[in-house]
Structures are given as C-alpha cells and as structure tokens.
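Trainee: got a predicted structure plus its sequence, pasted below:
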Amino acid sequence: MDERSAVSWVRMFNEFDTTAIEIDVERWERRALLEMFAKFDEPYHGVCVRVDCTETFRFAKESGLSIFLSLQHRSLKAANGLAAMKTRIVGDKVFAFETIHGGSAVGRANGTIGFGHYPYRAGIAEFAREGAKVFEAVKERDDLERFPYQNLIRYSVLPWLDFTSISHARDYSRADSAPRVTFGKITESGGRRTMPVSIHAHHALMDGSHVAEFVEAFQGYLARPED
C-alpha cells in the first residue's frame with residue numbers, strides 16, 4: 001500500500017482498540033474525489049438491494065442466535081475484507097483502519113431507542129452472543145451513548161418493512177464518513193428467505209463499484225454462515 005504513510009495508533013475503549021494507517025492523500029488515487037465530495041453538504045450515495053439470507057437465517061435459528069446480529073456479523077466479515085469499507089475521514093486526514101466494528105439502534109420497551117456497539121469477532125457465534133449482552137444492557141438504560149469514533153458501520157433494522165428505499169437523519173455539522181447499512185423485513189418465497197438491504201457510503205471514499213463488491217462479498221458470507 002504505497003499510498004499509506006505513517007502508522008497511527010488510534011486508542012478506542014476496551015475491545016475497540018485498533019490501529020489505523022494514515023493515507024498519504026497527496027499520492028492517493030482518490031485525492032480529486034476527496035477534494036470534491038468532502039465539500040458536499042450530503043456526500044453520501046445510497047442503494048437498496050435484495051439479498052438471500054436463507055442459510056444465515058436457518059443457522060441463527062438452529063443455533064439460538066440473534067438473527068439481526070448474525071446478519072450483521074456476515075456484513076462485517078465482508079466489510080473487514082474490503083479496503084474501501086475500512087477507510088475513514090478523520091478531521092483533515094484519511095485513515096485505513098485495521099478492523100471495523102458494528103453499531104446499531106436498539107429498541108426499548110418504552111418505544112424509544114438506544115445505541116449498541118459490538119466489537120467485531122471472527123466467529124459468528126461469539127459475535128452474536130457478545131452482542132446479545134450489549135443489546136440487553138442498552139435496553140435497560142435510558143441514555144444515548146454514541147460511539148465517538150468512526151471505525152464502525154452504523155446499522156439499523158426495520159423488520160416490519162419490506163422497503164425499496166430509505167433515508168437517514170443526518171447532522172451536517174458533524175463530520176462523519178462511516179457507512180450506514182439497514183436491514184429490512186425478511187420474507188419467504190419458494191423455500192428461500194430474502195430481505196432488502198440499504199447501503200449508504202461516503203462518495204469521497206467509495207464509488208458504486210465498491211458498494212457492489214461489498215454486496216457480492218456479503219451475499220457470499222450469508223450463504224456460508226459456518227465460515
């Protein structure tokens with residue numbers, strides 16, 4: 001990776017500690033795109049696709065794991081194998097993170113939501129079981145603790161809706177470049193289960209081809225939950 005310069009240690013909290021390599025923007029092939037899209041009020045572009053989640057759904061059910069967290073793990077496994085999904089703008093610099101984690105909204109009994117954060121694990125069962133503990137802890141609180149760093153993907157789930165498009169609330173005064181991934185309602189037809197997935201990515205860091213690579217990798221891991 002010749003375009004990367006110095007190694008910078010980015011200290012997170014506890015299991016979210018990771019390393020990030022600063023990219024030499026002057027020599028980066030996406031320099032012009034960064035200069036253009038970083039100035040946009042809305043630099044994110046998004047698509048909605050449908051994926052087949054039959055095998056992962058079945059695996060989660062049979063293993064007693066959260067379906068949402070199992071799907072999230074397959075998505076994170078795909079993301080952690082793609083450089084574009086692990087690149088973030090931090091201040092006026094660009095970093096390639098070693099590991100990307102997950103974060104999501106968590107529904108509470110009173111009709112509100114909180115935020116859960118899930119450290120990435122290589123194994124789906126370990127990730128889902130640790131994540132389930134986070135879920136329960138967030139449900140019992142009433143705060144809105146937001147992960148302060150960007151080495152994650154921001155997930156949402158709308159299990160009630162088989163959507164074909166989606167938009168997100170954005171605070172344009174807050175710099176952010178983390179992708180947003182939303183899962184929709186899982187439906188069954190002909191013995192197969194599918195769901196809509198919305199993906200929003202910062203255009204300075206990812207083009208449509210990168211999103212397509214992510215979707216292909218995600219679909220591959222959904223078909224192999226034991227991997």
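Mentor: That came through fine. These numbers were taken from a predicted model, which means no experiment stands behind them.
Trainee: after the helix or strand containing Met195 comes which helix or strand?
Mentor: Remark: Met195 resides in strand 192-202, with elements defined by DSSP states H and E. Using DSSP H and E, the helix or strand that follows strand 192-202 towards the C-terminus is helix 208-222.
Trainee: got the buried residues for that next one?
Mentor: For helix 208-222, the neighbour count (16 or more other CB atoms under 10 Å) marks His210, Val211, Glu213, Phe214, Val215, Ala217, Phe218, Gln219, Tyr221, Leu222 as buried. C-betas here are computed from N, CA, C, even on glycine.
Trainee: now that helix against strand 192-202, angle please.
Mentor: Using axes from the mean of the first three to the mean of the last three CA atoms, to 10 degrees, the direction of helix 208-222 lies 150 degrees away from that of strand 192-202.
Trainee: residues in contact with helix 208-222?
Mentor: Under the criterion CB atoms under 8 Å, 6 or more residues apart in numbering, residues 45, 47, 49, 51-53, 55-56, 71, 74-75, 77-79, 81-82, 84-85, 197, 199, 201, 227 lie in contact with helix 208-222.
Trainee: how about the contacts made by the residue with the largest distance to the centre of the chain?
Mentor: Centroid-distance maximum for the chain: Gly190 at 29.4 Å, with CA atoms, centre = their mean. Contacts for Gly190 were tallied using CB under 8 Å, 6+ apart; there are none.
Trainee: state the distance from it to Glu98.
Mentor: Noted for Gly190: a distance of 41 Å to Glu98, by CB to CB, to the nearest Å.
Trainee: now Ala78
Mentor: Distance from Ala78 to Glu98, counting by CB to CB: 16 Å.
Trainee: looking at these two, which is more packed in?
Mentor: More crowded of Ala78 and Glu98, by other CB atoms under 10 Å: Ala78, with 20 against 15.
Trainee: buried set for stretch 50-59?
Mentor: Val51, Cys53, Thr54, Glu55, Thr56, Phe57, Phe59.
Trainee: show me what contacts the second one?
Mentor: What that stands for is Cys53. Leu71, Ile186, Arg193, Thr194, Met195, Leu222.
Trainee: do the fourth one as well
Mentor: Applying CB under 8 Å, 6+ apart, we find Glu55 in contact with Leu222, Ala223, Arg224, Pro225.
Trainee: the same query, at a cut-off of 7 Å, please.
Mentor: Leu222, Ala223, Pro225 (CB atoms under 7 Å, 6 or more residues apart in numbering).
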